[in-house]
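# Predicted coordinates and the sequence they were generated for:
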Amino acid sequence: MNRTNTRLLVVDDSVSMRHIICDLLHELGFPAVDEAGDGVAALELFRRTPYDVVITDWYMPRCDGIDLLRAIRHEPERAETPVLVLTGHVTTARVVEAIEAGANGFIAKPFVAPSLCEKVLRLVASLPPVSDFVPSMAMAEGGR
């Protein structure tokens with residue numbers, strides 16, 4: 001998938017953390033990056049915008065990252081959207097909970113930039129090509 005066509009959503013209650021992550025993503029060549037300060041705002045954006053990858057912090061007010069992840073997994077049309085979970089509270093139980101909830105990746109904070117970049121690039125590389133989402137002209141014309 002072309003990086004310029006990839007839409008990402010960064011969710012974290014820390015404005016400075018969102019800016020750090022967004023700056024890294026812009027440096028990687030992703031111009032379309034949106035931000036949300038909690039899971040409620042993120043879910044509203046997610047339902048309106050076809051994001052290719054969501055990067056979310058675990059602990060946030062109103063709706064945390066795991067609840068956001070679970071809500072995304074219950075969305076009928078985009079439940080398979082890759083979600084990368086970040087947290088500063090790393091335990092084996094947390095990693096297992098994130099994976100069981102459907103996380104595609106997990107990063108401990110504080111993270112090093114190359115680690116985050118590598119995981120994001122792997123998720124984007126695993127996305128199907130855009131053409132897989134667009135029906136062919138034959139199908140659009142009734143199979144002619």
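Nice, I can see it. Computed from a predicted structure; not experimentally measured.
# What's the separation between the residue nearest in space to the middle of the chain and His19?
Nearest to the geometric centre of the chain sits Val54, at 1.1 Å (Cα atoms, centre = their mean). Distance, Val54 to His19, by Cβ to Cβ, to the nearest Å: 17 Å. Quick note: C-beta positions are derived from backbone N, CA and C, even for glycine.
# same deal with Ala125?
As for Ala125, its distance to His19 is 25 Å (criterion: Cβ to Cβ).
# What of Asn5?
Taking Cβ to Cβ, one finds Asn5 at 23 Å from His19.
# Count the residues that sit near Arg73.
By the criterion of other Cβ atoms under 10 Å, Arg73 has 15 neighbours.
# wait, isn't Val15 in contact with Ala36?
No. Contact criterion Cβ atoms under 8 Å: Val15 and Ala36 do not qualify, at 11.3 Å.
# Have a look at those two and say which one is more surrounded.
Per other Cβ under 10 Å, whichever of Val15 and Ala36 has more neighbours is Ala36, with 23 against 10.
# Could you count how many residues lie near Ile66?
A count of neighbours around Ile66, defined by other Cβ under 10 Å, yields 22.
# Okay, and it sits in which element?
Following DSSP states H and E, the helix or strand that holds Ile66 is helix 65-73.
# Show me the shaky parts of the protein.
Residues of the chain meeting the criterion pLDDT under 70: 1, 130-144.
# ok, which stretches of it are strands?
For the chain, strands defined by DSSP state E occupy the ranges 7-11, 32-36, 53-57, 83-87, 105-108.
# could I get the ones you listed as JSON lines with distance to His26?
Formatted as JSON lines, those follow (distance: least, Cβ to Cβ, whole Å):
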{"stretch": "strand 7-11", "distance to His26": "10"}
{"stretch": "strand 32-36", "distance to His26": "7"}
{"stretch": "strand 53-57", "distance to His26": "13"}
{"stretch": "strand 83-87", "distance to His26": "17"}
{"stretch": "strand 105-108", "distance to His26": "18"}
